[in-house]
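Participant: Got a predicted structure plus its sequence, pasted below:
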Amino acid sequence: GNNIGQYFFDGCTSLKSIKIPDCISTINAYGFANCTALEELQLSASTETYGNYCFLNCTSLKTVVFPAEIIMGIMSHMFDGCTALERVEVQSLVMLNMYGFAGCTSLKEFIVHSGLSGAMVYNNFFEGCTGFTEFHIYKGQYSSMASEMFKGWTEEQTIYVHGFASYEELIALYGTAWLD
């Protein structure tokens with residue numbers, strides 16, 4: 001399939017809106033990085049692969065909705081530094097790579113319709129996401145949670161854990177590094 005090449009739109013500071021056509025199957029690394037004026041992003045259900053850093057520092061982007069039924073994963077640093085990003089909506093995920101939403105200080109909603117059953121979460125995925133007031137974790141939702149998943153969160157933010165018989169059961173499954 002066709003792809004948007006590495007660094008293709010990197011630094012296009014006047015790009016405000018983009019609709020990814022159905023003929024695009026891949027957005028490579030840094031494809032839209034540093035597009036600081038990008039406010040509207042319409043993704044295609046045909047786009048199945050996203051590279052690391054592909055929307056890094058898109059500081060005007062407020063909402064991202066993935067139309068595809070299955071997204072393999074949020075790649076490393078995919079939305080890192082998207083400080084205006086408030087809402088992300090996906091159908092399902094199997095992998096949340098490191099620093100996926102790090103520095104997204106306005107992020108309040110992370111909606112996964114079909115769930116995250118067995119998803120793997122890597123380091124610092126929600127680091128510095130101080131816009132959340134609460135976050136819910138359900139038993140069976142993640143197969144692993146890596147270190148510092150919520151680094152930089154404040155005392156005003158609450159993480160709710162559901163379905164575990166005890167704190168010990170939670171720690172036996174995930175360890176404690178994700179709490180650091």
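Facilitator: Great, that's in hand.

Participant: contacts for the lowest-mean-pLDDT helix or strand in the chain?
Facilitator: Of all helical and strand segments in the chain, the minimum by mean pLDDT, DSSP states H and E falls on strand 71-74, at a mean of 78. With Cβ atoms under 8 Å, 6 or more residues apart in numbering as the test, strand 71-74 has contacts from 48-50, 90-97, 100-101, 125. Yep, even glycine has a C-beta here, placed from its N, CA and C like the rest.

Participant: Show the secondary-structure elements that the very next helix or strand once past it is packed against.
Facilitator: As assigned by DSSP states H and E, the chain's next helix or strand after strand 71-74 is strand 87-90. Counting contacts by 3 or more Cβ pairs under 8 Å, 6 or more residues apart in numbering; DSSP states H and E, strand 87-90 is packed against strand 63-65, strand 109-112.

Participant: hang on, the earlier thing: ok, the least confident helix or strand of the chain: who's next to it in the sheet?
Facilitator: Strand partners for strand 71-74, identified by DSSP bridges, are recorded as strand 93-96 (parallel).

Participant: Let me see the mean pLDDT of the partner strand.
Facilitator: The predicted model assigns strand 93-96 a mean pLDDT of 83.

Participant: Now it: buried residues?
Facilitator: Using 16 or more other Cβ atoms under 10 Å as the test for burial, strand 93-96 gives 93, 95-96.

Participant: One more: stretch 131-151?
Facilitator: By 16+ other Cβ under 10 Å, the buried positions in stretch 131-151 come out as 132, 135, 137, 141-142, 145-146, 148-151.

Participant: Let me have these in a markdown table, adding distance to residue 18, pLDDT and secondary structure as columns.
Facilitator: Formatted as a markdown table, the buried residues of stretch 131-151 follow (distance: Cβ to Cβ, whole Å; pLDDT from 0 to 100; DSSP: H, G, I helix; E, B strand; the rest coil):
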| residue | distance to residue 18 | pLDDT | secondary structure |
| --- | --- | --- | --- |
| 132 | 27 | 92 | coil |
| 135 | 29 | 87 | strand |
| 137 | 33 | 85 | strand |
| 141 | 32 | 79 | coil |
| 142 | 32 | 81 | strand |
| 145 | 33 | 84 | strand |
| 146 | 31 | 84 | coil |
| 148 | 32 | 88 | coil |
| 149 | 30 | 87 | coil |
| 150 | 31 | 88 | coil |
| 151 | 31 | 91 | coil |
